[in-house]
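Asks: Build me a structure from this.
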Amino acid sequence: MYKVLAQLMWLMLGVLVAGLNVCSAHPGSFLGICLQDTVLGKKTFIADSNPGALKANSKKNNEAGYDISKSLPVDFVKDASVDYTPFLQQAVSLHDNIIFPAFPILINDDGIKVGSNKILNFLPGSKLVLKPSNKKGYNIIKLEKSSNVTINNPVIVGDRQTHIGTAGEFGMGIGIYSSSNITINNPQISYCWGDGIYLAGNREDQPVNNTIRILNAKLLHNRRNGISIISVNQLLMASPYVAFSDGIAPMCGIDFEPNSPADELKNITVLNAVTESNMGPGISIGLRNLYGRNNAEVDIQLVSPKDNGSAIGLKATAIFTRRAGSEIINGNINVSNPVWSKNSNTPMSINLLDENIKLTIKKPTILDPAGRPLNNKAALDNLTYKTHLNRNANCSITF
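Replies: Next up, the predicted model:
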């Protein structure tokens, strides 16, 4: 517990809100980071302390970036009116350091599959635009069993406004499955049929995602969730802005929701998340699917999250409908310095039936409709009112 708190202190010192410039390492963690203007996403530098990853990345950086427009037909257009998916896929498969040109490109629902040891750079003005699809699910960019991949500044627009039919909910902007050492810098993903970003194991017999960094994400107007975190061990999300998720449940900004007992939610840190006007919760943690086999563990740290106008600021549940016997979930959900305002339902909704899950909330702020913070007593009364917090939850709230 003291080790976790120490690491959080270092993280909080190492990342500040927009306009500040601070560099620091995360002792004992899987990476060090230096962020400048993190919310605006102006500059991002990553220094990975994994020696193997550094070796692979240094090898890739020796290769000059390949302009992917060289793989397009001679008479290519720059207005995203012609589908160039096969040309893009061939270039990404053949080259390790890819530069996407400064104009929008139309791709189909086959998407782009990214293998290991790759760097994808999107220039200003570059954009992947999905051709209208009738599929229930797709991945515009897909990483499956990939390792040592960095994607810089991707801009992705899904087909939510042009989708053919009404079935399905799994059209993803970026899908990351059973992959390791993945960094996504400054992604802007909007209007996907499902989620902006989706992190999951490929299948129950495949490894979970490991060592994933998502920095300065902007995830807007996606139909299901801004980002779904199904299965991961070691995740850092810094300064995401996730807003206007609506269309099909759960309509969360950030949704932690394992699919099966084989999934993991471990060593997760979310820094300075801003969620806004999501039809569901700004942040949701649903753990019932971890039951059904052996004991499970969770470790989620939410540092300075802010929500404005989502139905619920924070929702956390662990109910026993999938429990097979007496298995339990051990672990911690730590929430520090949250700010919740203008939530149409409630700032917080907690239904953690498993007392082995410790929920700690420190220094919460609830703003009234005029934007003024409630005093401590009024805030505590709000957070613990009736069904806002189940009485047997192992929960601590301090101001």
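Asks: Setting aside sequence neighbours, what's the nearest residue to the residue nearest the centre of the chain?
Replies: For the chain, residue 227 is the residue whose C-alpha lies nearest the centre (CA atoms, centre = their mean; 4.5 Å). Leaving aside its sequence neighbours, residue 227 sits nearest to residue 197 (CB to CB, 6 or more residues apart in numbering; 4.3 Å). Every residue, glycine included, has its C-beta placed from N, CA and C.
Asks: which residues does that neighbour form a beta bridge with?
Replies: residue 174, residue 227 (DSSP bridges).
Asks: Might you report the residue contacts of it?
Replies: Each residue near residue 197 by CB atoms under 8 Å, 6 or more residues apart in numbering is listed here: 172-176, 184, 187, 189, 214, 217, 219, 226-228.
Asks: let's go with 7 Å and repeat that
Replies: Neighbouring residues of residue 197 by CB atoms under 7 Å, 6 or more residues apart in numbering: 173-174, 189, 214, 217, 219, 227.
Asks: Over to residue 251?
Replies: Applying CB under 7 Å, 6+ apart, the residues near residue 251 are 224, 245, 278-280.
Asks: in a strand, that's where it is, yeah?
Replies: No. Looking at residue 251 with DSSP: H, G, I helix; E, B strand; the rest coil, it is coil, so not inside a strand.
Asks: any idea how far residue 223 is from it?
Replies: Note on residue 251: its distance to residue 223, by CB to CB, to the nearest Å, is 8 Å.
Asks: Can you tell me the SS state at residue 92?
Replies: What three-state DSSP gives for residue 92 is helix.
Asks: Now do the nearest residue to residue 68 once chain neighbours are set aside: how many residues are near it, please.
Replies: Setting aside the residues directly before and after it, residue 68 is nearest to residue 91 in space (CB to CB, 6+ apart), at 4.8 Å. Residue 91: 21 surrounding residues under other CB atoms under 10 Å.
Asks: what do you get for the one 5 residues further on?
Replies: Counted by other CB under 10 Å, the residues lying close to residue 96 total 21.
Asks: so it sits right up against residue 116, yeah?
Replies: No. Using CB atoms under 7 Å as the test, residue 96 is too far from residue 116 to be in contact (9.3 Å).
Asks: how about the helices in this protein?
Replies: Remark: helices assigned in the chain by DSSP state H are 2-14, 51-61, 85-94, 376-383.
Asks: can you pull up the bridge partners for the nearest residue to residue 265 once chain neighbours are set aside?
Replies: Once flanking residues are discounted, residue 265 sits nearest to residue 298: 4.9 Å by CB to CB, 6+ apart. Following DSSP bridges, residue 298 is listed with bridge partners residue 265, residue 331.
Asks: How many neighbouring residues does residue 298 have?
Replies: Close neighbours of residue 298, defined as other CB under 10 Å, add up to 23.
Asks: And for residue 161?
Replies: Counted with other CB under 10 Å, residues neighbouring residue 161 total 12.
Asks: so residue 134 makes contact with residue 165?
Replies: Yes. Taking contacts as CB under 7 Å, residue 134 lies within contact range of residue 165: 5.0 Å.
Asks: quick revisit: show me the two of the contacts of residue 197 that sit farthest apart.
Replies: 173 and 214 (11.8 Å; CB to CB).
Asks: and residue 311, how far is that from residue 137?
Replies: According to CB to CB, residue 311 stands 25 Å off from residue 137.
Asks: which of these two has more neighbours?
Replies: Legend: neighbour count by other CB under 10 Å for residue 311 and residue 137, higher for residue 311 (20 against 16).
Asks: and the more buried one, what pLDDT?
Replies: Looking at residue 311, its pLDDT reads 98.
Asks: For it, which non-adjacent residue is spatially closest?
Replies: Closest residue in space to residue 311, ignoring its immediate chain neighbours: residue 345 at 4.5 Å, by CB to CB, 6+ apart.
Asks: Could I get the phi/psi values of that neighbour?
Replies: Dihedral pair for residue 345: phi -100, psi -70, per degrees, to the nearest 10.
Asks: ok, it touching residue 312?
Replies: Yes. Contact criterion CB under 7 Å: residue 345 and residue 312 qualify, at 5.1 Å.
Asks: What residues of stretch 385-397 count as buried?
Replies: Buried residues in stretch 385-397, defined by neighbour count with 16 or more other CB atoms under 10 Å: 388-390, 393, 395, 397.
Asks: coming back round to it: top of the contacts of residue 251 by number of neighbours, please.
Replies: That'd be residue 245 among these, by other CB under 10 Å, with 32 neighbours.
Asks: if I look at residue 332, how far off is residue 112?
Replies: In this view, residue 332 and residue 112 are 37 Å apart by CB to CB.
Asks: At which residues are the strands of the stretch 51-200 of the chain located?
Replies: In the stretch 51-200 of the chain, the strands defined using DSSP state E, counting those that start in this stretch lie at 66-67, 97-100, 104-107, 112-113, 118-122, 127-130, 137-144, 147-152, 155-157, 170-177, 180-185, 188-190, 195-200.
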